[in-house]
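> When you get a sec, could you give me coordinates for this:
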Amino acid sequence: MRMIFAATALPLTAVVALSAAGAMSQSPTTAALEKAVAAPTRPANAVARDQYRHPVQTLSFFGVKPTDTVVEIWPGGGWYTQILAPYLHAKGTLYEVAPMPNGLNGIEKLKAAHPAVYGFIHTAAFPAEAGQAGVPDGSADVVLTFRNVHNWRMGYQQKGVDYAPQAFAQMYAMLKPGGILGVVDHRLPENADTAREQSSGYVKVSTVRKLAEDAGFQFVGASQVNANPKDDANHPKGVWTLPPTYALGDTDRAKYAAIGESDRMTLKFRKPK
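This next block holds a predicted model:
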């Protein structure tokens, strides 16, 4: 049955009070994140993906503050770097880390193109091999990794060896006691064959939780901000079938465009004090 409620007129003072309360509900951190997302140095093709990656909500969920020391693991071309750099530039510290010598080529291009925005970024090796500088132990407030656990599970850049346990151990070492690990990755349904983690680009939430907890992390919580119920995680060429990769080229392109980017977990962990 449809229910009808009578409208009650509010006094002007009440309307003004409600409007003021709504305006005050946005925290300074959220405002700073929105300003970073709107940075003029972000290219249009990066901004177009905000609808799938929800950077303000994601970084808010992880609790990243403008004064934090943040480590971004394996940043690739720097999609999140283009937000984290203007956000942390004034008061924070940002490390970008990846396999050396070529894993940070995308970050070096950003630094060369916009030194005023990205020049303050520290770079380090991850994993750090003999003679390579890594992130100092116990120095980070937040470690972030976006869509990389599946790479470690598949042995990407590690000669086919599942590097995930070592990666989580190193991320644990980087963090201060009480520091936060934020993980976003393509989500494999729990009832799927775990063997698909070795080829599909999707990973189970239970797998990520076990990796983190085995390394010593405490699970804080999960957000569905990056969930995509249209994605069943079952595609001919794994997650790369979907945008932005379109591994099948023009075959069924409209179908995969309608799905959008992958269904993703967003998990928050803490290093115990």
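> Excluding residues flanking it in the chain, which one is nearest Asn226?
Arg264 (3.9 Å; C-beta to C-beta, 6 or more residues apart in numbering). (Glycine included, C-beta is placed from N, CA and C.)
> just Phe146 next, same as before
Val184 (4.8 Å).
> can you point me to the longest strand in the protein?
strand 175-188 (DSSP state E).
> who does the helix or strand following that one pair up with?
Toward the C-terminal end, the helix or strand that comes next after strand 175-188 (DSSP states H and E) is strand 203-204. Using DSSP bridges, strand 203-204 pairs in its sheet with strand 175-188 (parallel).
> Check which residues of the partner strand are buried.
175, 179-188 (16 or more other C-beta atoms under 10 Å).
> repeat for stretch 65-73
65-66, 68-73.
> would you turn the buried residues of strand 175-188 into CSV with pLDDT and distance to Phe269?
Shown next, in CSV, are the buried residues of strand 175-188 (pLDDT from 0 to 100; distance: C-beta to C-beta, whole Å):
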residue, pLDDT, distance to Phe269
Leu175, 98, 9
Gly179, 98, 9
Ile180, 98, 7
Leu181, 98, 4
Gly182, 98, 8
Val183, 98, 7
Val184, 98, 12
Asp185, 98, 13
His186, 98, 18
Arg187, 98, 16
Leu188, 98, 19
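> State the pair within the residues you listed that is farthest apart.
Longest distance between any two of the buried residues of strand 175-188 is 27.2 Å, between Gly179 and Leu188; criterion C-beta to C-beta.
> What is the end-to-end distance of stretch 187-197?
10 Å (C-alpha to C-alpha, to the nearest Å).
> who touches it?
If you take C-beta atoms under 8 Å, 6 or more residues apart in numbering as the criterion, stretch 187-197 is touched by 150, 153-154, 200, 202-207, 227, 232-234, 262-265.
> Got a quick ChimeraX command for the buried subset of these?
Of the contacts of stretch 187-197, the buried ones go into a single ChimeraX selection, burial set by 16+ other C-beta under 10 Å:
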select :150,153,154,200,202,203,204,205,207,227,233,262,263,264,265
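> What is the nearest of the buried residues of stretch 65-73 to Ala48?
Distances from Ala48 to the buried residues of stretch 65-73, taken by C-beta to C-beta, are shortest for Glu72, at 20.8 Å.
> The closest one: what's it in contact with?
Residues near Glu72 by C-beta under 8 Å, 6+ apart: 80-81, 84, 94-97, 144-146.
> partner residues bridging it?
Going by DSSP bridges, Glu72 forms beta bridges with Glu96, Leu144.
> ok, it to Asp232 distance?
29 Å (C-beta to C-beta, to the nearest Å).
> And the residue nearest to Asn226, how close does it get to Lys204?
13 Å.
> re earlier: go through the contacts of stretch 187-197 and flag which are in strands.
Short answer: these in strands (DSSP E) are 203-204, 264-265.
> Please render the contacts of Glu72 as TSV that adds neighbour count, pLDDT and distance to Lys35 to the earlier fields.
Listed next are the contacts of Glu72 as TSV, based on neighbours: other C-beta atoms under 10 Å; pLDDT from 0 to 100; distance: C-beta to C-beta, whole Å:
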residue	neighbour count	pLDDT	distance to Lys35
Tyr80	23	98	16
Thr81	22	98	16
Leu84	27	98	13
Leu94	22	98	16
Tyr95	22	98	22
Glu96	28	98	21
Val97	28	98	25
Leu144	23	98	19
Thr145	24	98	24
Phe146	22	98	20
